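Asks: return atomic coordinates for the entry below.
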Amino acid sequence: MTSTAETPTTTGRAGVVGLGSMGFGMAQSLLRAGIDVTGCDVGQEAVARFVAQGGRGAASPAKVAEGADMVVSVVVNAAQTEAILFGPEGVAQSLPESAVFISCATMDPDVARALAARLEATGRHYLDAPISGGAQRAAEGALTILASGSPAAFAKARPALDAMAAKLYTLGDAPGAGAAFKMINQLLAGVHIAAACEAMAFAARQGLDLKKVYEVITASAGNSWMFENRMPHVLSGDYSPRSAVDIFVKDLGIVQDMARSAKFPVPVSAAALQMFIAASASGMGRDDDASVARLYAQITGTKLPGA
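Replies: Now for the predicted structure:
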């Protein structure tokens, strides 16, 4: 089912682990909703910036979780999520019973289910809640959240969800479904980015005006959200990372693992994965994922803007 964010609850205490481009905006959205928010990050500059904007800072996930009703984890992958939960300074040791851990990392659904089972065995709740929308929507409290978990986990997380999301999809009563939906989204997103980069580089090889290509395609049937969003990076020659190449090396890798386990062929996403791997191997892993266009340009001797 689909619901639109309601008037946020203005009570409660929340922790945010991970104050990067997404997590910082999400923490700001929680603050605007009147929630008492404590944040932590491996980078102390991010914590100091958050404190300057009215939040609290903490030195570890365990400290973030003390007295919290909900902890939002905004990290990259399952390994980081597990460390945040069960590491030496992990959330699980200090999160109050009946509080909820809201996991926003993209991961294999089986791993999400396993982490949830470990935490729920201690009397805490786990909400599987991958996010989509980018840093700007995170800062606006306008994310799309793909969530699954028990009714109790949803009820406990509701103030945070309402503050952070413009669209909340309730996808099941057990963790894992949210992660599976997110992986389908990532399959499409990765394929669309790779295809957009291929098309733009091919257009450059044909000697076409790339600004005109962008104008025509975004008004035509070949357009996609990823073409429209990512190709301005190619036009400007600016590959400062909004979402990095290595994110899709990871995510499309998870898709391949899931598909292999299910004995389900996914050849199109496999081809896209190889392009992201090649871009990463060429030294662009931390650059914007539109750098796949640069890879095409390099191997074909094609000139792109900014080259």
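Asks: just the helices in the protein please.
Replies: Applying DSSP state H to the chain gives helices spanning 21-32, 44-52, 61-65, 78-86, 109-120, 134-140, 151-164, 177-205, 210-217, 225-236, 245-262, 267-279, 292-300.
Asks: mean neighbour count added to the ones you listed, as TSV?
Replies: In this view, the C-beta of every residue, glycine as well, is placed from N, C-alpha and C. Converted to TSV, the helices of the chain look like this (neighbours: other C-beta atoms under 10 Å):
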stretch	mean neighbour count
helix 21-32	24
helix 44-52	15
helix 61-65	24
helix 78-86	20
helix 109-120	19
helix 134-140	17
helix 151-164	22
helix 177-205	22
helix 210-217	15
helix 225-236	19
helix 245-262	19
helix 267-279	19
helix 292-300	21
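Asks: quick one: closest of the ones you listed to residue 15.
Replies: helix 61-65 (3.5 Å; C-beta to C-beta).
Asks: now what about that closest one, what contacts it?
Replies: Helix 61-65 has contacts (C-beta atoms under 8 Å, 6 or more residues apart in numbering) with 15-17, 38-40, 58, 71, 84-85, 87, 89-91, 93-96, 99.
Asks: quick revisit: mean pLDDT for the helices of the chain: which is lowest?
Replies: By mean pLDDT, the lowest-scoring of the helices of the chain turns out to be helix 134-140, with a mean of 92.
Asks: what comes into contact with that one?
Replies: By C-beta under 8 Å, 6+ apart, the residues outside helix 134-140 that reach it are 21-26, 28-29, 131, 143-144, 164, 166, 242-243.
Asks: just to revisit the earlier point, closest to residue 306 out of the helices of the chain?
Replies: Nearest to residue 306, of all the helices of the chain, is helix 225-236, at 7.0 Å by C-beta to C-beta.
Asks: which residues touch the closest one?
Replies: By C-beta under 8 Å, 6+ apart, the residues outside helix 225-236 that reach it are 189, 192-193, 195-197, 199-200, 210-211, 214, 217-218, 239, 242, 288-290, 293, 304-306.
Asks: quick one: that helix to chain centroid distance?
Replies: 19 Å (C-alpha atoms, centre = their mean, to the nearest Å).
Asks: likewise stretch 42-52?
Replies: With C-alpha atoms, centre = their mean as the basis, stretch 42-52 stands 20 Å off its chain's centre.
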